[in-house]
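[1] Below are the sequence and a predicted model; questions follow.
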Amino acid sequence: MSVCVVPDISFTQGSTALLLQFAILQEDASGALVPMPDAATATVTWLSPNGQTRVLSAIAPTSAVFGWITQAREFPSPRTEIGRCRVSTVSGGLFWTQPFTVQVNPVF
């Protein structure tokens, strides 16, 4: 089982160069959430409801933290986006994270 721990993501439309962080955790034998063990070699892709994909970069592999930096014209209008991450490991594992919400707020 893989989960994605994301704090509430909320920012103003048109924001650029914001680092959005995602921690990819798994349950260990005792049921505790721990960083996925093979994060350094994993590929994590954020999928949006409209089909857009964003490949996340490893920010802190030992903690299984991945990130995306917002770009110009990426979030041009206010909206609420519910996304999921697809996690692929070199050992052939494929996991989907729990859904998360990104709130893009209007300028005014």
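    Right, received. Where do you want to start? Since this is a predicted model, take the numbers as computed values, not measurements.

[2] I'd like to know which helix or strand in the protein has the lowest mean pLDDT.
    strand 2-5 (a mean of 69; mean pLDDT, DSSP states H and E).

[3] what's the following helix or strand after it?
    Toward the C-terminus, strand 2-5 is succeeded by strand 9-12 as the next helix or strand (DSSP states H and E).

[4] Listing partners with orientation, what would you give for that next one?
    Applying DSSP bridges, strand 9-12 is found paired with strand 100-105 (parallel).

[5] pLDDT of the partner strand, averaged?
    Average pLDDT, strand 100-105: 93.

[6] residues making contact with it?
    Contacts to strand 100-105, defined as C-beta atoms under 8 Å, 6 or more residues apart in numbering, come from residues 4, 6, 8-13, 20, 22, 75, 77-84. In this view, the C-beta of every residue, glycine as well, is placed from N, C-alpha and C.

[7] Pull out the buried members of these.
    4, 6, 9, 20, 22, 75, 81, 83-84 (16 or more other C-beta atoms under 10 Å).

[8] Just flag the most distant two among those.
    Spatially, the most separated pair among those is Cys4 and Phe75, at 19.2 Å (C-beta to C-beta).

[9] quick one on the thing from earlier: include distance to Phe100 when you put the buried ones among the contacts of strand 100-105 into a markdown table, please.
    As requested, those are exported to a markdown table (distance: C-beta to C-beta, whole Å):
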| residue | distance to Phe100 |
| --- | --- |
| Cys4 | 6 |
| Val6 | 4 |
| Ile9 | 7 |
| Leu20 | 10 |
| Phe22 | 8 |
| Phe75 | 15 |
| Glu81 | 9 |
| Gly83 | 6 |
| Arg84 | 7 |
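
[10] Fine, thanks again, bye for now.
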